[in-house]
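Engineer: Let me see the structure of the following:
(chains A and B)
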Amino acid sequence: MTIAIPPDRNDSSKSLQPKGWLKYFSFSLDHKVIGIQYLVCGFIFYLIGGGLASAIRIELTSPLSDFMARDVYNQVLTLHGTIMIFLWIVPVVNGAFGNYLIPFYVGARDMAFPRLNAVAFWLIPPAGLMLISSYFITGAAQSGWTAYPPLSISTPAAGQIIWILSVLLLGGSSIFGGINFIATIIKLRRPGLKLLQLPMYCWAMLGTSILVVLSTPVLAGTLILLSFDIVAHTGFFNPTLGGNVIVYQHLFWFYSHPAVYIMVLPAFGLVSEIIPVHCRKPLFGYITMVYSIMAIVLLGLVVWAHHMFTSGTPPWMRLFFTIATAFIAVPTGIKFFNWVATLWGGKISLNSAILFSCGFIINFVLGGITGVALAQVPFDVHVHDTYFVVAHFHYIVYGGSVFVIFSSIYHWYPKFTGKLLNEKLGQLHFLLTFIGFNLCFAPQHWLGLNGMPRRVAEYDPQFQLINQISSVGALIMAISTIPFLWNVVYSAIRGPKSGDNPWRALTPEWLTSSPPPVENWIGEAPLVTQPYGYGTHRNENEDLSSNEAGNVREQS
Amino acid sequence: MVKTSTILSISIGILLIIGGVWVGQNVDLLPVDASTNAPVYDELFKVLFSIGTILFVGITGLVIYSLIKFRRRPGDSGDGQPIEGNLPLEIFWTAVPAIVILFVGIYSYDIYDRMGGMQPLSNNAHNHHEMSTQQRLWGGIGSGSVSSSTPGEEEPIPIEVTAMQFAFLFHYPKGDIISGELHVPTGHPITMRMESKDVIHAFWVPEFRLKQDVIPGQPTILNFTPTKPGRYPIICAELCGPYHGGMRSTVVVEGMDEYQEWFNKNSKTVETTA
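Structural biologist: Next up, the predicted model:
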């Protein structure tokens, strides 16, 4: 067999890269370093966004606006949404795990465009710092992460413009990443590796990147027009100058609904990698999983107006978007049944990774059910823009994506560091997160049904008790990060060595040392045609030969 | 052995469905229903709640059962069964959600139609003025229900709603009344033409199960018929600025006599109303 991609020894820029921990602060071209940069940077922003969430929950423990000024409250909710979406979930489920894993999965030594990759990452810290610093300079944007005009035109301009600039930078980073992933998956595959032999995360990232490349430019264009309305007093979206505010909403949601899938599809892919390993079973229904990802991509592009059922849309449009939205439940449902079927009859290690993955399944099913309900126009007109919607999308993006991020960290930490995490602390982290999350968000469904709108600092006193219960849940969620942070930092320094493949996994990233060398494999990249071949005869032989940890198998 | 487990799983499935339907029928999570729209909405809510309960309890049960039943025993480092798929099963769980979704879609279309969401606005006699000036009107749910009313029924009461940071104003063209509170008589259809002076607001009465954005430069229509006397909150549901949370008003639903009394007391025009 020929070497897929010869190790590039002539590239002098590689040797100029700093060694040791300093490389994480450098313009490194190594996809693994960039992946870790995305992950750690994203987590720092998660802590900031979480702090803002805590401020919101403190404000809402009493029905009066008494904890912070009203305009500050609106800045806080705007920053919370923007940070959590654009600086935490999107960069981490795409950038962090995508950069780290995709080159391994396709059998490449790096991404297709390493420099573009580094540029994409280094756009994020300045964009994030700019966004947060706007709070201290002139006051941050205060029109919500949706920035609907005319509110975004009439609120203080400086904060809104900084918000637009940083979202444009983050969108640019996202597009660079998307192009890179498509090129890597399509063109850098190791010879002999067919598309339908790729691990599921590759398909998820291919679908996600198609969505990113198709829809993010629309958001960029829209925000540029909005910035013209703010600084140059044009009238694209300004009704007093003849503009149309509904056009903004169509353009905004043309990106921002696919953005939900940009946050969720990679999470689906990651779960599809994690569950088979810890169940010792092949992924159930590989082909249907691939088709359902592509169906979600297609449908995800034609459902945006379900965010606008109360905005004033013609009846035919409401009908079309109801049907299209509800039908996303079919391919999504297929994926969930397939994961349950993968669990069924396996030999499940009840570790933190699988607990977070199963927590994801349970949370996301609830979020999906409320999603199908919200897709129905008559249902939506009552609960639109209420706490019901807040509960729904937190079940999708926190109960879904963030649970998967934690699951993935528990799963790939030995790969990243060569150390094992403490399992007891991990399970404590899961328990606190799961209880805190459900206590925080489940009661919010009731709040929305009974008349509490979202984005308010003051509310009807009859809702006080439920809001306080919700805030207690938020407190437990905040506490849950302590065992996690301690675990990750302590284990990196003092954790026991994991060996190269502690989970006896078959996906390609585990078939090299942990942490891997700079160009991923010392010799030739292995050809993995059955990434989920657990329980087959072939796999057992391989396992026995490569099992250096000395786990003698007692199975006959 | 296979037979008993099949019987067991089928009976668990039937129990789950019966339980789900029972929970859906007996759930009480919504506020008072105070418009003709609300009981129709609650019907849909019950059906969705039943289906949701069955799916959620079913899948959660399967996950928890798998985690307990198929957990790895200490000392066992073997693999599970190498099952890579099962076509009949895949077809089954593609078809069942598709059928459920189709049913929910058709059912909610029917609900939407009964709420009057599907009638074209151009039939509405009250909008003729606007239509002739070529300004497009966008309606919410119930926007067409007035036009569908039989000729024998009462004329709907027209009200013009103006939203601004941070208040609603209700203008009754018949008596030239401008009020901060919305007064409506029970059992009488109301047609509201809403427009915003500054940013986007939304008119929401949870007890009516109705919401419609109030948009600057784009008038919207909302029609409803209140059914239960009482005072209900009107809530702005679209972020509109610092005092968004405080942008509330009240709708007073009262008997025809009380409404007429209030109307006459505030009317600026000569007594001509009937």
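Engineer: domain assignment for chain B?
Structural biologist: Listed by automatic domain parsing, the domain ranges of chain B are B:2-69+B:89-114, B:123-266.
Engineer: average pLDDT across the longest one?
Structural biologist: Mean pLDDT, taken over the full extent of domain B:123-266, equals 82.
Engineer: Without its sequence neighbours, what residue ends up closest to the residue in the stretch 101-250 of chain A that chain B sits nearest to?
Structural biologist: At 3.0 Å from chain B, A:Pro239 is the closest residue in the stretch 101-250 of chain A, using CB to the nearest CB. Using the backbone N, CA and C atoms, a C-beta is placed for each residue, glycine as well. Distance criterion CB to CB, 6 or more residues apart in numbering or on different chains; nearest residue to A:Pro239, sequence neighbours excluded, is B:Gly217 at 3.0 Å.
Engineer: That neighbour is in contact with A:Ile246, isn't it?
Structural biologist: No: counting by CB atoms under 8 Å, B:Gly217 does not reach A:Ile246; the two are 9.5 Å apart.
Engineer: okay, the two: which has more neighbours?
Structural biologist: A:Ile246 (21 against 17; other CB atoms under 10 Å in any protein chain shown).
Engineer: excluding its backbone neighbours, what's nearest that one?
Structural biologist: A:Ser311 (5.9 Å).
Engineer: mind checking pLDDT for that neighbour?
Structural biologist: With respect to pLDDT, A:Ser311 has a value of 83.
Engineer: And what about it, helix, strand or coil?
Structural biologist: At A:Ser311, secondary structure determined by DSSP: H, G, I helix; E, B strand; the rest coil is coil.
Engineer: which residues does it contact?
Structural biologist: A:246, A:249, B:213, B:215 (CB atoms under 8 Å, 6 or more residues apart in numbering or on different chains).
Engineer: Now do the contacts for the residue of the stretch 101-250 of chain A closest to chain B.
Structural biologist: Neighbours of A:Pro239 in contact, by CB under 8 Å, 6+ apart: A:150, A:245, B:215-218.
Engineer: Could you rerun that using 7 Å?
Structural biologist: Counting by CB atoms under 7 Å, 6 or more residues apart in numbering or on different chains, A:Pro239 touches A:150, A:245, B:216-217.
Engineer: Which ones among those lie within helices?
Structural biologist: Cross-referencing the contacts of A:Pro239 against helices under DSSP state H gives A:Val245.
Engineer: from the contacts of A:Pro239, which is closest to B:Met256?
Structural biologist: Of all the contacts of A:Pro239, B:Met256 sits closest to B:Pro216, with 34.4 Å by CB to CB.
Engineer: May I have the beta-bridge partners of the closest one?
Structural biologist: B:Pro216 forms beta bridges with B:Ser196, as assigned by DSSP bridges.
Engineer: ok, it to A:Ala375 distance?
Structural biologist: B:Pro216 is 28 Å from A:Ala375, where distance means CB to CB, to the nearest Å.
Engineer: neighbour-wise, which of those two wins?
Structural biologist: A direct count of neighbours by other CB under 10 Å for B:Pro216 and A:Ala375 places A:Ala375 higher, at 25 against 21.
Engineer: Near A:Ala112, how many residues? Count them for me, please.
Structural biologist: 20.
Engineer: Run a quick neighbour tally on the residue lying closest to it once chain neighbours are set aside.
Structural biologist: Excluding its sequence neighbours, the residue lying closest to A:Ala112 (CB to CB, 6+ apart) is A:Ala183, at 3.8 Å. Using other CB under 10 Å, A:Ala183 has 15 other residues around it.
Engineer: Per-residue pLDDT of A:Ala183, please?
Structural biologist: Value listed for A:Ala183 in the pLDDT field: 96.
Engineer: what does A:Pro7 give?
Structural biologist: pLDDT, A:Pro7: 53.
Engineer: pull the CA atoms of stretch B:66-82 into PDB?
Structural biologist: Below are the C-alpha coordinates for stretch B:66-82, written out as PDB (Å, rounded to 0.1, in the frame of the first residue of the first chain):
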ATOM      1  CA  SER B  66     -31.100  -0.200  28.500                       C
ATOM      2  CA  LEU B  67     -28.700   1.400  30.900                       C
ATOM      3  CA  ILE B  68     -29.700  -0.900  33.700                       C
ATOM      4  CA  LYS B  69     -30.400  -4.100  31.800                       C
ATOM      5  CA  PHE B  70     -27.400  -3.900  29.500                       C
ATOM      6  CA  ARG B  71     -24.800  -2.400  31.800                       C
ATOM      7  CA  ARG B  72     -21.400  -4.000  31.700                       C
ATOM      8  CA  ARG B  73     -20.900  -6.400  34.500                       C
ATOM      9  CA  PRO B  74     -17.600  -6.300  36.400                       C
ATOM     10  CA  GLY B  75     -15.000  -8.400  34.800                       C
ATOM     11  CA  ASP B  76     -16.800  -8.600  31.400                       C
ATOM     12  CA  SER B  77     -14.700  -6.900  28.700                       C
ATOM     13  CA  GLY B  78     -16.500  -8.500  25.800                       C
ATOM     14  CA  ASP B  79     -18.400  -6.800  23.000                       C
ATOM     15  CA  GLY B  80     -22.100  -6.600  22.500                       C
ATOM     16  CA  GLN B  81     -24.000  -8.300  19.600                       C
ATOM     17  CA  PRO B  82     -22.600  -7.000  16.200                       C
END
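Engineer: Verify the stated contact: A:Tyr148 with B:His201.
Structural biologist: No: with contact defined as CB atoms under 7 Å, A:Tyr148 and B:His201 do not form a contacting pair (11.1 Å).
Engineer: Comparing these two, which residue is more hemmed in?
Structural biologist: Between A:Tyr148 and B:His201, counting by other CB under 10 Å, B:His201 is the more crowded of the two (31 against 23).
Engineer: how close does that one sit to B:Ala167?
Structural biologist: The separation that B:His201 has from B:Ala167, given CB to CB, amounts to 9 Å.
Engineer: for B:Thr53, same thing?
Structural biologist: 41 Å.
Engineer: These two: which has the busier surroundings?
Structural biologist: Taking other CB under 10 Å, B:Thr53 and B:Ala167 do not tie; B:Thr53 has more neighbours (20 against 16).
Engineer: Mind listing what's buried along the helix or strand where that one lies?
Structural biologist: For B:Thr53, the host element (DSSP states H and E) is helix B:37-69. For helix B:37-69, a neighbour-count test (16 or more other CB atoms under 10 Å in any protein chain shown) marks B:37-38, B:40-42, B:44-56, B:58-60, B:62-63, B:66-67 as buried.
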